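Chemist: here is my input, please return the structure:
(4 chains)
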Protein chains: 2
Amino acid sequence: MEQRKLYNRIAVLREERDISRKELAEKIGVNYQTVGYLERGEYNPSLDLAFKISEFFGLPIEFIFSTKPMKPLSEEILNLKKLEETWKKEEPQKDGAQG
Amino acid sequence: MEQRKLYNRIAVLREERDISRKELAEKIGVNYQTVGYLERGEYNPSLDLAFKISEFFGLPIEFIFSTKPMKPLSEEILNLKKLEETWKKEEPQKDGAQG
DNA sequence: TTGAATTATTGTATAAATACAACAAAATTA
DNA sequence: TAATTTTGTTGTATTTATACAATAATTCAA
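Modeler: Numbering: from 1, shown residues only, chains lettered A, B, ... in the order given. Purely as a prediction, here's the structure:
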């Protein structure tokens, strides 16, 4: 099967938790170089390995991996905050006495 | 890497939509026998293939695949309905005049 | 009941995923 | 600054995922 190159957030998630590739590799039970290959997109993981990474970070697979280039998390957060502001304007407060 | 046997709901989802392995295979671009191997758990898919199956069914990967044996959907639905009943008892109706 | 479609099984071949080794470069720490 | 750790690169080997072929069994439709 022709494999699409997949994208992932492994490096960012590692950085957030201040752990090295070696540490992550030990935790999920693979060679440390495998983590490097995955981060650089040199090959895609098996689904089993994707589950292991998902379980380690406590995040859904679809949050970590994607078939399309992923936006930086910072950008996604900003977009969510804008959306939140929009919602606040369209739906005034129901709870509380004052608007 | 030692591969864990993964579990999946491919067969049920196919049945729900009344499509054969051959049809699914053609849609996601694999040999029809590959679908059979996956359903029977003879080997696990690559993450890319898992994404293709996920996209076809419009369901999250974690809904279709699991590292543990999955409960029948019917059982999960019943559990959710029970949970719903529990919630209705603990939180009486806020909207509407009558309870 | 027959024919077609679908599925199961076995085997071979190929491609991709992963481990490991060795070496080098870059980054970090003391 | 030197030592250590982390990361990148290349190569080889092994395992797993997938395609394809052939055959048989099962299921479904007419």
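Chemist: use CA for all of it now, contacts and neighbours both
Modeler: OK.
Chemist: and the pLDDT at residue A:51?
Modeler: pLDDT recorded at residue A:51 is 97.
Chemist: secondary structure element for it, which one?
Modeler: Secondary structure assigned from DSSP states H and E places residue A:51 in helix A:47-57.
Chemist: that helix vs helix B:47-57, what angle?
Modeler: Interaxial angle of helix A:47-57 relative to helix B:47-57 (axes from the mean of the first three to the mean of the last three Cα atoms, to 10 degrees): 90 degrees.
Chemist: other residues contacting helix A:47-57?
Modeler: The contact list for helix A:47-57, computed with Cα atoms under 8 Å, 6 or more residues apart in numbering or on different chains, reads A:13, A:27-28, A:60-61, A:64, B:3-4, B:6, B:44-47, B:50, B:67.
Chemist: give me the buried entries from the residues you listed.
Modeler: The neighbour count (16 or more other Cα atoms under 10 Å in any protein chain shown) marks A:28, A:60, A:61, A:64, B:6, B:44, B:45, B:46, B:47, B:50 as buried among the contacts of helix A:47-57.
Chemist: residue A:11 versus the third one, what's the distance?
Modeler: In other words, residue A:61. 15 Å (Cα to Cα, to the nearest Å).
Chemist: and what of residue A:41?
Modeler: Taking Cα to Cα, one finds residue A:41 at 11 Å from residue A:11.
Chemist: these two: which is more packed in?
Modeler: Set residue A:41 next to residue A:11 and count neighbours by other Cα atoms under 10 Å in any protein chain shown: residue A:11 wins out with 17 against 14.
Chemist: and that one, what does it touch?
Modeler: Here residue A:11 is in contact with residue A:39 (Cα under 8 Å, 6+ apart).
Chemist: how near is it to residue A:57?
Modeler: 12 Å.
Chemist: pLDDT score assigned to the residue nearest the centre of chain A?
Modeler: The centre of chain A sits closest to residue A:64, judged by Cα atoms, centre = their mean, with a distance of 3.2 Å. Note on residue A:64: pLDDT of 97.
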